[in-house]
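K.L.:
Make a model of this:
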Amino acid sequence: MYRYWGYGLHIESELEFPELLPREFVDEPDLKISYGETPSAIAGDKVVHKSNCSISPDQYLLWLPVARYYVSSGKSIVVSPSKESDEKSVRLFLLSNAMAAILHQRNEIMLHASAVCVKGGVVLFCGHSGAGKSTIAASLQARGYQIFSDDVCILKCENAIDEVKVSPTYPMMKLWEDSFEKLGLRKPDSDMEIRPGVNKYSKFIHTNYQTDSMPVLKIFLLNPAENGNEEVSIQSLPPMTSFMKIQSQTYRTGQINAMGMRGQHFLTISALIAKVPVYEISRKSSDNTVAQLVEKVMHYLPRLNSK
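P.N.:
Okay, the predicted model is just below:
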């Protein structure tokens with residue numbers, strides 16, 4: 001049995017996860033991951049059935065070509081791999097869809113955001129897949145900033161008067177092949193592909209990885225590249241616009257809606273926007289503007305976090 005930290009949880013797992021942070025603990029695990037048979041269906045009045053999953057407030061059943069996943073009560077994931085599956089794909093979908101269901105069952109909300117540590121907290125870079133948030137975070141890492149989380153952050157907003165915090169997910173970045181060229185990094189070997197046939201690669205960041213929740217100081221929203229301007233521009237957004245745009249960056253909203261969590265979603269995003277300024281970054285898609293973008297962003301960042 002393997003023991004890890006990930007997503008703010010102590011995890012006991014029959015599956016080995018090089019993506020997670022190994023950690024010994026003496027208390028009962030927050031989450032148990034095991035191989036086993038999954039139910040053929042889940043029943044009840046509050047079940048929402050979709051093309052490849054069924055969702056209720058405390059159960060989630062997902063069937064994919066690589067595996068079936070059954071998530072229950074925010075405490076258990078049972079995975080049944082198919083005969084044709086590969087380990088990387090099985091882990092990838094567990095760490096995305098199934099872990100999102102675990103956190104939603106635990107009444108937590110996540111954002112599509114990468115984050116870096118600065119003095120006093122973290123700065124988030126929000127955007128949908130392909131927007132460039134991981135590339136920007138990796139570029140800031142090359143300039144001395146510590147990566148806090150890649151792609152997804154977990155919001156910690158217990159009530160509207162508390163300081164808004166986020167927790168990281170796990171110590172690995174996922175970068176598209178062209179990102180390595182933009183960052184001047186050597187192209188990784190094929191064994192670092194996140195799954196076979198996908199030109200996206202793992203970049204591990206286990207060393208000195210920060211696992212405590214941290215306050216959010218600023219949020220940068222990345223415009224879809226095709227809507228960018230000739231030059232990189234950064235503008236502050238008013239609260240209402242910030243709310244509308246940041247709520248659209250919520251991770252796995254289909255699960256949130258099916259689980260009846262829209263009220264919690266509204267309160268969490270409202271608490272975040274009430275405390276944290278939001279800036280929108282626009283840029284042209286045809287040019288490699290990463291260096292220019294990062295130089296401009298750094299003018300908005302607090303000092304580097306002390307190490």
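
K.L.:
ok, residue 209 - contacts?
P.N.:
21, 168, 171 (CB atoms under 8 Å, 6 or more residues apart in numbering). Just so you know, the C-beta spots here come from the backbone N, C-alpha and C atoms, and that holds for glycine as well.

K.L.:
Contacts for stretch 12-25 next, please.
P.N.:
For stretch 12-25, the surrounding residues in contact (CB under 8 Å, 6+ apart) are 1-6, 10-11, 29, 31-35, 79, 90-91, 94-95, 170-172, 202, 204, 206, 209, 211.

K.L.:
So among the residues you listed, which ones count as buried?
P.N.:
Under a neighbour-count criterion of 16 or more other CB atoms under 10 Å, the subset of those counted as buried comprises 4-6, 10-11, 29, 31, 33, 79, 90-91, 94-95, 170-172, 202, 209.

K.L.:
Of these, which belong to strands?
P.N.:
Helix and strand membership here follows DSSP state E; of the buried ones among the contacts of stretch 12-25, those in strands are 4-6, 10-11, 31, 33, 79, 172, 202.

K.L.:
want to throw these into JSON lines with pLDDT?
P.N.:
Formatted as JSON lines, those follow (pLDDT from 0 to 100):
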{"residue": "4", "pLDDT": "98"}
{"residue": "5", "pLDDT": "98"}
{"residue": "6", "pLDDT": "97"}
{"residue": "10", "pLDDT": "98"}
{"residue": "11", "pLDDT": "98"}
{"residue": "31", "pLDDT": "98"}
{"residue": "33", "pLDDT": "98"}
{"residue": "79", "pLDDT": "98"}
{"residue": "172", "pLDDT": "96"}
{"residue": "202", "pLDDT": "92"}
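
K.L.:
Which pLDDT value belongs to residue 270?
P.N.:
pLDDT for residue 270: 93.

K.L.:
From residue 240, how far off is it?
P.N.:
Here residue 270 is placed at a distance of 11 Å from residue 240 (CB to CB, to the nearest Å).

K.L.:
and these two? which has more neighbours close in?
P.N.:
For residue 270 against residue 240, the residue with the higher neighbour count under other CB atoms under 10 Å is residue 270, and the figures read 16 against 9.

K.L.:
List the residues that contact residue 168.
P.N.:
Counting by CB under 8 Å, 6+ apart, residue 168 touches 8, 115, 148-149, 153-154, 209-211.

K.L.:
do residue 59 as well
P.N.:
Neighbours of residue 59 in contact, by CB under 8 Å, 6+ apart: 42, 44, 47, 70-73.

K.L.:
Can you go through the residues you listed and name the buried ones?
P.N.:
When neighbours are counted using 16+ other CB under 10 Å, the contacts of residue 59 contain these buried positions: 42, 70-72.

K.L.:
want to throw those residues into a markdown table with distance to residue 255, pLDDT and secondary structure?
P.N.:
Rendered in a markdown table, the data for the buried ones among the contacts of residue 59 read as follows (distance: CB to CB, whole Å; pLDDT from 0 to 100; DSSP: H, G, I helix; E, B strand; the rest coil):
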| residue | distance to residue 255 | pLDDT | secondary structure |
| --- | --- | --- | --- |
| 42 | 14 | 94 | coil |
| 70 | 14 | 98 | strand |
| 71 | 10 | 98 | strand |
| 72 | 14 | 98 | strand |
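
K.L.:
May I see the buried residues of the top helix by length along the chain?
P.N.:
With residue count as the measure and DSSP state H as the assignment, the chain has helix 262-275 as its longest helix. Of the residues in helix 262-275, those scored as buried under the neighbour-count criterion (16+ other CB under 10 Å) are 264-265, 268-273, 275.

K.L.:
between the residues you listed, which is nearest residue 253?
P.N.:
Comparing the buried residues of helix 262-275 against residue 253 with CB to CB places residue 265 closest, at 7.8 Å.

K.L.:
For this protein, give me the ranges with low pLDDT.
P.N.:
Under the criterion pLDDT under 70, the flagged ranges of the chain are 158-162, 224-230, 284-288, 303-307.

K.L.:
Tell me which residue is most central in it.
P.N.:
If you average the C-alpha coordinates of the chain and look for the closest C-alpha using CA atoms, centre = their mean, you land on residue 152, 1.3 Å from that point.

K.L.:
now that residue: how far from residue 100?
P.N.:
8 Å.

K.L.:
can you check residue 174 too?
P.N.:
With the distance defined as CB to CB, residue 174 ends up 15 Å from residue 100.
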